[in-house]
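Requesting a structural model of the entry that follows:
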Amino acid sequence: MDEREESQRPEDVAIAEERDDFPLETELDEDDRLKPDFVRDVIGLAEAGEGEAARERIGRLHPADIADLFELARSDERPMLAAVLGDMLSADVLAEMNDYVREELIDLLAPEQVAELASELDTDDAVAIIEDMEADEQQAVLEAMQPEDRAAIEDALSFPEESAGRLMQRDLVAVPEHVTVGDVIDRLREDADLTSDFWEIFVVDPMHRPVGSCQLSWILRTPRDIAISDVMRREQTLIPVDMDQEEVALRFQKYALISAAVVDKAGRLVGMITVDDIVHIIQEEAGEDILRLSGAGDGDINEPIRETYTARVRWLIANLGTALVASTIVGLFGGAIEQMVALAALMPIVAGVGGNAGTQTLAVTVRALAMNQLTDSNSWRAIWREMTIALLNGATIALVAGTATALWFANPTLGAVIGAAMIVNIFVAGVAGVAIPLLLDRLDQDPAVASSIFVTMTTDSMGFLAFLGLAVLSGLTTL
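Residues are numbered from 1 along each chain as shown. As a prediction, the model looks like this:
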């Protein structure tokens, strides 16, 4: 036996042999996604009644990958997988799971089982599991929990949805400012009830208001007799308990925070938020704004068909109403279109290019509003910027479209008309794309929800009006 073999512990060899049976690379692809073959194999084992073999394969996965397995399975296969997993369907797996899939599985569990799973999680993750349950089911789960856990979750549920109060963790380490570094270290070692996952310690005054924070690395590198108040950082970013989670995420991003204290209206420390929670929020909020712009509802492939249909059809009906405005304008010029069929062929070009220009500006503006880059201080500068860009784009597209039209139809006047219409419509699209979301934001409405409807209506209507109106004014045709 060589030196390397002698250094291996028996348990390491056993683990290595176990991994040789099911090498991890056979389960995940290069993007760390479960391979289709692996998913089919596990489901096949479960369907064949080979539960132990399926558990052995699944048991090698990270909780997040087990959650992915449930999401990739069909809805009718998930109860079977849950039965096969048994106690392997842990709280960590539920916490990583898609909301709709998790709701399906929660419905299969007794309130006592849900309560036990929720008790194993941080408060924010437990709230995420319980908050969407029906009122009677939620109450049954809360009654099955230990009084301390129940009180923490009920307190979290008292805050608005998507607020810092729902997002924060109650388990943290707070010490008074008069203690020494040695006192803090001794408490961390001796108090078995303290949370084990934290990056910094919060220092509080006698009223339990945070006066500073201290990273663990500073404590470890500081002599024991130094006062914690001499080590702590007094400048800190405090998060109000009722702050919207999107604003919380922006603060974490702006100030490069790892964790932050959450305070109530009296300024007392009530919890903390960590960056691992914020990563999910940033992803969720970014996707939410994009989906709202398109009217696709939650946009979740696991969302029930009925809910998806309801969300999308409302949007399409609203679009139908705004489209009637554009069709009415076209109807006013029906006689002119009959006299010159080329107008009908060119109308979609004017409206389509204008709509794309408006969508570009709208996307930039909504993102800037979401990121707090666009405020009262620079609104007018942003409007002038988009007007300038719109004029430059309009002139370029007008030159190309006008020249092509004049040559194709052998009609320079028609080319000039469509070129002028392009400039007008792209300019209007640029102004509408920035002004409409700004106006909705000032009215305390979500600019991502309704902006695209109004921008589309504006670009279509103004495009048809400009093109057909200029055609009449130029003498190409008459009403």
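
all contacts plus neighbour counts: C-alpha atoms, from now on.
Noted.

Excluding chain neighbours, what is closest to Ala432?
Closest residue in space to Ala432, ignoring its immediate chain neighbours: Val455 at 5.9 Å, by CA to CA, 6 or more residues apart in numbering.

any idea which element that neighbour lies in?
Here Val455 sits within helix 447-473, counting by DSSP states H and E.

Can you list the helices and strands that that helix packs against?
Packed against helix 447-473 by the contact rule (3 or more CA pairs under 8 Å, 6 or more residues apart in numbering; DSSP states H and E) you find helix 275-294, helix 305-332, helix 341-370, helix 412-442.

what's the closest of these to Met80?
Distance to Met80, taken as CA to CA, is lowest for helix 305-332 among these, at 22.0 Å.

all strands for the stretch 51-200 of the chain, in order.
Here the stretch 51-200 of the chain has its strands, by DSSP state E, counting those that start in this stretch, at 174-176, 200-204.

Compute the distance from the centre of the first one to the centre of its chain.
Distance, stretch centre to chain centre, for strand 174-176: 34 Å (CA atoms, centre = their mean, to the nearest Å).

Would you mind checking the average pLDDT for that strand?
Averaging pLDDT along strand 174-176 yields 94.

List the pairing partners of that strand within its sheet, with orientation.
With DSSP bridges as the test, strand 174-176 is paired with strand 200-204 (parallel).

Residues contacting the strand it pairs with, please?
The list of residues contacting strand 200-204 from outside it, by CA atoms under 8 Å, 6 or more residues apart in numbering, reads 172-177, 210-216, 229, 232, 259, 261, 269.

now do stretch 85-105
Contact with stretch 85-105 is made by 55, 59, 63-64, 66-68, 70-71, 78-79, 82, 117-118, 120-121, 125-126, 128-129, 132-133, 302-303, as judged by CA under 8 Å, 6+ apart.

which SSE is Val42 in?
Here Val42, judged by DSSP H and E, is contained in helix 36-47.

elements contacting that helix?
Checked by 3+ CA pairs under 8 Å, 6+ apart, helix 36-47 has helix 51-58, helix 78-85 packed alongside it.

the domain parsing of the chain - what is it?
The record's domain parsing of the chain by automatic domain parsing lists 16-159, 174-279, 305-473.

and Met272, what are its phi and psi?
Met272 adopts backbone torsions of phi -140, psi 160, taken as degrees, to the nearest 10.

just checking, which of the domains of the chain comes out with the lowest mean pLDDT?
Ranked by mean pLDDT, the domains of the chain bottom out at domain 16-159, which scores a mean of 83.

quick one: that one to chain centroid distance?
The answer for domain 16-159 is 21 Å, by CA atoms, centre = their mean.

And stretch 455-468, by the same measure?
Distance, stretch centre to chain centre, for stretch 455-468: 33 Å (CA atoms, centre = their mean).

can you check stretch 465-472 too?
Worked out by CA atoms, centre = their mean, stretch 465-472 lies 43 Å from the chain centre.

What ranges does the stretch 151-300 of the chain have for its helices?
All helices of the stretch 151-300 of the chain, identified by DSSP state H, counting those that start in this stretch, fall at 164-167, 181-190, 216-220, 228-231, 245-255, 275-294.

Mind giving me the packing neighbours of the fifth one?
Read it as helix 245-255. Helix 245-255 packs on helix 164-167, helix 275-294, going by 3+ CA pairs under 8 Å, 6+ apart.

Can you flag the weakest of these by average pLDDT?
helix 275-294 has the lowest average pLDDT among the helices and strands packed on helix 245-255, namely a mean of 72.

Looking at strand pairing, list the partners for Ala260.
Note on Ala260: beta-bridge partners by DSSP bridges are Ile273.
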